[in-house]
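Q: Please find the sequence and the predicted model below.
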Amino acid sequence: MNPFPLVLSAPSGGGKTTVTKRLMERRSDLGYSVSCTTRAPRAGEVDGVDYHFLTERQFIEHRERGEFAEWAVVHGKFYGTLKSAVSAVLASGKHVMMDIDVQGAAQFAGAWPGAVLVFMLPPSVEVLLARLQERNTEDGATLLTRLRSAHEELQVVSRYHYVLVNDDLEPTVARVSSIIDAEEVKRERIRALDSQLAELIQKLDSEILRHSSGIRQ
Ligand code: 5GP
């Protein structure tokens, strides 16, 4: 198998983190690219697991050394994916699940042409609003910023390969999982396809020869 990165984007409150976690529980062929951020950890978040929580200075140092496959400012904080984080997961033979914003997704797709880009739409604005409010982490100003971001994010959905509505968790997880299954058998991704085909064709040639000489007798 030829592993690939899968970028899952959605407006915040769109359920990316839940869908990603559920998929990772289900499939052993997925690894997660832990991003770097300069935002403060939320309750329960673990450094090195949910994010690498960095100071701005540390983040800028990584950026200046060209270590990010993509980076962006999201809600006023830096976020970025280390090239090494993606490569390490691919080297282990697993697909890389990436939960990044739309600016980062566009950059990443440019840098990593084999990446699969999936966008999850909220079923409605009411549902998006309710999901953001449920988090209890959103004060009025933050909520407004996230709604404005959602507005911008919906403008670039055309850059994505797949678009689905995240109305219910289970069907959404199943749909993303089937996207992974389909991408695995995409012709361009199949390793050594030419030699597999050459071998089959060679064997067929000799069978055709053997059968046609049988008919002539
Ligand atoms: P949160 O702070 O709520 O975890 O994430 C805020 C936003 O930042 C989400 O849209 C998330 O997808 C995005 N994000 C997380 N990690 C990265 C990253 O490495 N790069 C980019 N560009 N966005 C990220």
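A: Yep, it's here. Numbering: from 1, shown residues only.

Q: Do you know the pLDDT at the closest residue to the ligand within the chain?
A: Nearest residue of the chain to the ligand, counting by C-beta to the nearest ligand atom: G104, 2.2 Å away. All C-beta atoms are positioned from the backbone trio N, CA, C, and that covers glycine. You'll see G104 listed with a pLDDT of 94.

Q: for the helix or strand harbouring it, packing partners?
A: Assigned by DSSP states H and E, G104 falls within helix 102-111. Packing partners of helix 102-111 (3 or more C-beta pairs under 8 Å, 6 or more residues apart in numbering; DSSP states H and E): strand 5-9, strand 68-74, strand 77-82.

Q: could I have the top helix by length along the chain exported to CSV, CA atoms only?
A: The longest helix of the chain (DSSP state H) is helix 193-216. The C-alpha coordinates for helix 193-216 follow below in CSV (Å, rounded to 0.1, in the frame of the first residue of the first chain):
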residue,chain,number,x,y,z
LEU,A,193,1.3,-1.6,-11.1
ASP,A,194,3.2,-1.7,-14.4
SER,A,195,5.2,-4.7,-13.4
GLN,A,196,2.1,-6.5,-12.0
LEU,A,197,0.3,-5.9,-15.3
ALA,A,198,3.4,-6.9,-17.3
GLU,A,199,3.5,-10.2,-15.4
LEU,A,200,-0.2,-10.9,-15.9
ILE,A,201,0.0,-10.0,-19.6
GLN,A,202,3.1,-12.3,-20.1
LYS,A,203,1.2,-15.2,-18.5
LEU,A,204,-1.9,-14.5,-20.5
ASP,A,205,0.3,-14.5,-23.7
SER,A,206,1.6,-17.9,-23.0
GLU,A,207,-1.9,-19.3,-22.1
ILE,A,208,-3.2,-17.9,-25.3
LEU,A,209,-0.4,-19.5,-27.2
ARG,A,210,-0.9,-22.8,-25.4
HIS,A,211,-4.7,-22.8,-26.0
SER,A,212,-4.5,-21.8,-29.6
SER,A,213,-2.1,-24.5,-30.4
GLY,A,214,-4.5,-27.0,-28.7
ILE,A,215,-7.3,-25.9,-31.0
ARG,A,216,-5.2,-26.2,-34.1
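
Q: Residues in contact with it: which ones?
A: Helix 193-216 is contacted from outside by R187, I190, using C-beta atoms under 8 Å, 6 or more residues apart in numbering.

Q: which residue ranges form the strands in the protein?
A: 5-9, 30-32, 35-37, 51-53, 68-74, 77-82, 95-99, 116-121, 162-165 (DSSP state E).
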